[in-house]
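> Build the 3D model from these lines:
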Amino acid sequence: MPGNLNRPCRSAFPVNRPEIVKRIRDEILHSYLHDEVGARHMSKDGSYSAKSRRAGADCQAWFLNQRAISALR
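Sure, this is the predicted structure:
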């Protein structure tokens, strides 16, 4: 299956329920913004180097864990 690099597709829609807005902002975006798995640091000259491999957040693992918790309910 070909990738979606040549003609990416995006969609947008309003989220009106306050509890969903809160979950998107406080859980989902927070998880993405703190993910450091595979992170790189850009130097002043434009080159990249791997960031230190300290125990950082992994948003994909977090999402899988949330799915497992939801399945148990």
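
> any weak-confidence spans in this protein?
Residues of the chain meeting the criterion pLDDT under 70: 1-5, 52-56.

> what residue lies at the spatial centre of it?
Centroid-nearest residue in the chain, with Cα atoms, centre = their mean: residue 32, separated by 2.9 Å.

> so that one, which of the three states?
Applying DSSP: H, G, I helix; E, B strand; the rest coil to residue 32 yields a three-state assignment of helix.

> which residues does it contact?
residue 59 (Cβ atoms under 8 Å, 6 or more residues apart in numbering). From N, CA and C alone the C-beta is placed, and that goes for glycine too.

> ok, now how distant is it from residue 15?
16 Å (Cβ to Cβ, to the nearest Å).

> wait, what's in contact with the residue nearest to residue 31 when sequence neighbours are not counted?
For residue 31, ignoring the flanking residues on the chain, the nearest one in space by Cβ to Cβ, 6 or more residues apart in numbering is residue 59 at 4.2 Å. Listed by Cβ under 8 Å, 6+ apart, the contact set of residue 59 reads 31, 32, 34, 35, 37.

> and the residues you listed, which are buried?
In those, burial by neighbour count holds for 31, 35, counting by 16 or more other Cβ atoms under 10 Å.

> which SS class is residue 66?
Residue 66 is classified as helix under three-state DSSP.

> swap in residue 44?
Residue 44 carries the three-state label coil when classified by three-state DSSP.

> Near it, how many other residues are there?
Residue 44 sits with 5 neighbouring residues when counted by other Cβ atoms under 10 Å.

> Understood, closing this out.
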